[in-house]
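Q: sequence and computational prediction follow.
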Amino acid sequence: MIPRVLTVAGSDSGGGAGIQADLKTMLALGVHGMSVITAVTAQNSLGVQGAWELPVRAVRAQYRSVVDDIGVQAVKTGMLASAELVEAVAELISGTDAPAVVDPVGVSKHGDPLLAASALDSVRTKLLPAATVATPNLDEVAQLTGVRVESEDDLRRAAGAVLEFGPRWVLIKGGHLAGDAVDLLTDGAAEYRLRAPRHDNRHTHGTGCTLASAIASGLAKGLSVPEAVTEAKEYVTGAIAGGFALGAGIGPVDHGWRFRS
Ligand SMILES: Nc1ncnc2c1ncn2[C@@H]1O[C@H](COP(=O)(O)OP(=O)(O)O)[C@@H](O)[C@H]1O
Ligand SMILES: Cc1ncc(COP(=O)(O)O)c(N)n1
């Protein structure tokens, strides 16, 4: 049977990030994508013009509909907006027998908040402990742990600080540093540095969502965490290389790059 992957995230009306990026990634990687929508954003290449959360009961109902009938081989979480939603989703994924990739989305590429400041503590104490792999970017690492990463040498310290909250693995994304795009994956024992050439392309809307969904897709296919992250890094690097202009601001990565000749 085709592996089934569930994203629990916000909708990006512009189609580059959020639920839309997740489902496109899942299609490109050959799994069946399903969605629990936590919030609806009015969003485009220029920023986020509005955001509306769904009631906790609507999120729970979507989750139960999918998991109880169809079943999931992996779950990915993205924008969760509020402390109430973070806590409900943490409880739901903790009770599901499938690996969970937690992308602790804090702000959009334009600096618009996608998570209430009052939800940070619930991310630390409820959501991160439920993660098989957590995938913070450098801003999220700073917000969650206080560790500021200024060079590749700081990645290990940042990873250690996130692991203290209890995820099995952490992938610190060094995409916002200068030079090669280097990410560090560790469970506190094994350590992998994933390095890719930096593409000088401003059209990077959706990178984090795409990477986390690609990891979840690999896990659903039965890959180990290091294998799934290695394959996901290759997919997101190709998608960033193919990122294209759309609207007047930051365009999306190309989820379909492997389909183009
Ligand atoms: N310009 C770039 N060229 C190549 N890889 C990049 C570039 N920018 C980000 N990445 C990679 O994209 C992935 C997502 O990272 P990042 O953009 O930091 O996440 P987020 O979208 O959460 O801010 C990481 O693997 C990172 O190393
Ligand atoms: C609904 C939604 N979710 C997540 C992001 C973050 O996007 P990115 O993948 O660029 O970090 C976003 N801009 N909108």
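A: Yep, it's here. Ligands and ions are numbered 1, 2, ... in the order given.
Q: report whether the biggest helix by length in the chain contacts ligand 1.
A: In the chain, with assignment by DSSP state H, the single longest helix is helix 225-241. Yes: Helix 225-241 reaches ligand 1 (Cβ under 6 Å from any ligand atom) through Lys233, Val236, Thr237, Ile240. Glycine gets a C-beta too; all of them are placed from N, C-alpha and C.
Q: burial count for the residue lying closest to the second one once chain neighbours are set aside?
A: Distances taken as Cβ to Cβ, 6 or more residues apart in numbering put Leu211 closest to Val236, at 4.4 Å, once the chain neighbours are dropped. By the other Cβ atoms under 10 Å criterion, the neighbourhood of Leu211 contains 29 residues.
Q: same question for Glu234.
A: 14.
Q: how near is it to His205?
A: Spatial separation of Glu234 from His205 under the definition Cβ to Cβ, to the nearest Å is 20 Å.
Q: re the thing from before, ligand 2: which of the residues of helix 225-241 next to ligand 1 is nearest?
A: Val236 (9.7 Å; Cβ to the nearest ligand atom).
Q: can you pull the pLDDT of the closest one?
A: Note for Val236: predicted pLDDT of 98.
Q: again with the one 4 residues further on
A: At Ile240 the predicted local distance difference test score is 97.
Q: likewise for Gly175?
A: For Gly175, the pLDDT comes out at 88.
Q: contacts only, for Arg157.
A: When contacts are counted by Cβ atoms under 8 Å, 6 or more residues apart in numbering, Arg157 touches Val147.
Q: what about 10 Å?
A: Val141, Thr145, Val147, Arg148, Val149, Ile172 (Cβ atoms under 10 Å, 6 or more residues apart in numbering).
Q: any idea which helix or strand comes after the strand or helix carrying it?
A: Using DSSP states H and E, Arg157 falls within helix 155-163. Going down the chain from helix 155-163, the next helix or strand is strand 169-173, by DSSP H and E.
Q: got the contact list for the nearest residue to Glu84 once chain neighbours are set aside?
A: With Cβ to Cβ, 6+ apart as the criterion, Glu84 has its nearest non-adjacent residue at 5.3 Å, and that residue is Val56. Neighbouring residues of Val56 by Cβ under 10 Å, 6+ apart: Thr38, Ser82, Glu84, Leu85, Glu87, Ala88, Val89.
Q: much appreciated, bye for now.
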